[in-house]
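A.B. asks: Dropping the sequence and predicted coords here.
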Amino acid sequence: MRILLVEDNIALAHGIEVALVREGYAVDHAATVSAAEHILGVESVDVMILDLGLPDEDGLSLLRRIRHRGQDLPVLILTARDSLDDKVRGLDLGGDDYLTKPFEQQELFARLRVLERRNTSAHSALLELGALQLDLHSHQLRVDGCIVALPRREFSLLRTLAEQPGRVFPREELEQKLYSLGGALSSNAIEVHIHNLRKKLPRDIIRNIRGVGYYLRVEL
Ligand code: CA
């Protein structure tokens, strides 16, 4: 899950980002609407957390624009303004939920889980490839019907590969999917996750092309 956090209060944004990364989310942070637009243009974002009072433009203008363009990513609105009017306008413009500041981190996580579920139920919840079955709701993997426990990042990595079997993903792209832009990342993190995944999956399902990237090979 890749989250775009649009918030101009740097201390608050930093606190949220650290908490989300600890929960296993990949986070991009933008402090302005124009920075958010840039990230939306180059990244595939799963959920946006959107503050309304931003220095260059109102967050609601950004929301209106992305809905106008037909982008349907879930948007969680953050508002410091405890005004019913803002909440109603935000939801009318296509926001999915809102949270009034200040809020507890646990509440933020709970709202995100709801959006995540809504997001995956809009698509298919089960991804089946040969012996592999990924339940995108419960984040559960079954191999030949048996449950295999996977940490969140390994599941995300496998899901990325499984959504486009046969497509070769460069390591940098997989890193981007799993981690924050500019976030600290050991240089062999993807190799380590792949190594761990391979131990839990049937032989030779995850292939790599040296110097190019990784792909999933599945007999269908
Ligand atoms: Ca603000």
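C.D. replies: Here it is on my side, so go on.

A.B. asks: tell me which element the closest residue to Gln140 other than its chain neighbours falls in.
C.D. replies: Leaving aside its chain neighbours, Gln140 sits nearest to Ile147 (6.1 Å; criterion: C-beta to C-beta, 6 or more residues apart in numbering). For glycine as for every other residue, the C-beta is placed from the backbone atoms N, C-alpha and C. Assigned by DSSP states H and E, Ile147 belongs to strand 146-148.

A.B. asks: what comes up buried for the following helix or strand past that strand?
C.D. replies: The first helix or strand that comes after strand 146-148 along the chain, using DSSP H and E, is helix 152-163. Under the neighbour-count criterion of 16 or more other C-beta atoms under 10 Å, helix 152-163 has Arg153, Glu154, Phe155, Ser156, Leu157, Leu158, Arg159, Thr160, Leu161, Ala162 buried.

A.B. asks: By mean pLDDT, flag the weakest helix or strand of this structure.
C.D. replies: helix 84-92 (a mean of 79; mean pLDDT, DSSP states H and E).

A.B. asks: Alongside the ion, which residues does this protein contribute?
C.D. replies: Residues of the chain lying close to the ion (C-beta under 5 Å from the ion) are Asp8, Asp51, Gly53.

A.B. asks: what stretches of the chain score poorly on pLDDT?
C.D. replies: Residue ranges of the chain with pLDDT under 70: 81-82, 120-124, 180-185, 219-220.

A.B. asks: which residues in the chain form strands?
C.D. replies: Assignment of strands within the chain using DSSP state E yields the ranges 2-6, 26-30, 47-51, 75-79, 97-100, 126-129, 132-135, 140-143, 146-148, 206-209, 213-216.

A.B. asks: What is the fourth one packed up against?
C.D. replies: Applying 3 or more C-beta pairs under 8 Å, 6 or more residues apart in numbering; DSSP states H and E, one finds that strand 75-79 makes contact with strand 47-51, helix 59-68, helix 84-92, strand 97-100, helix 105-122.
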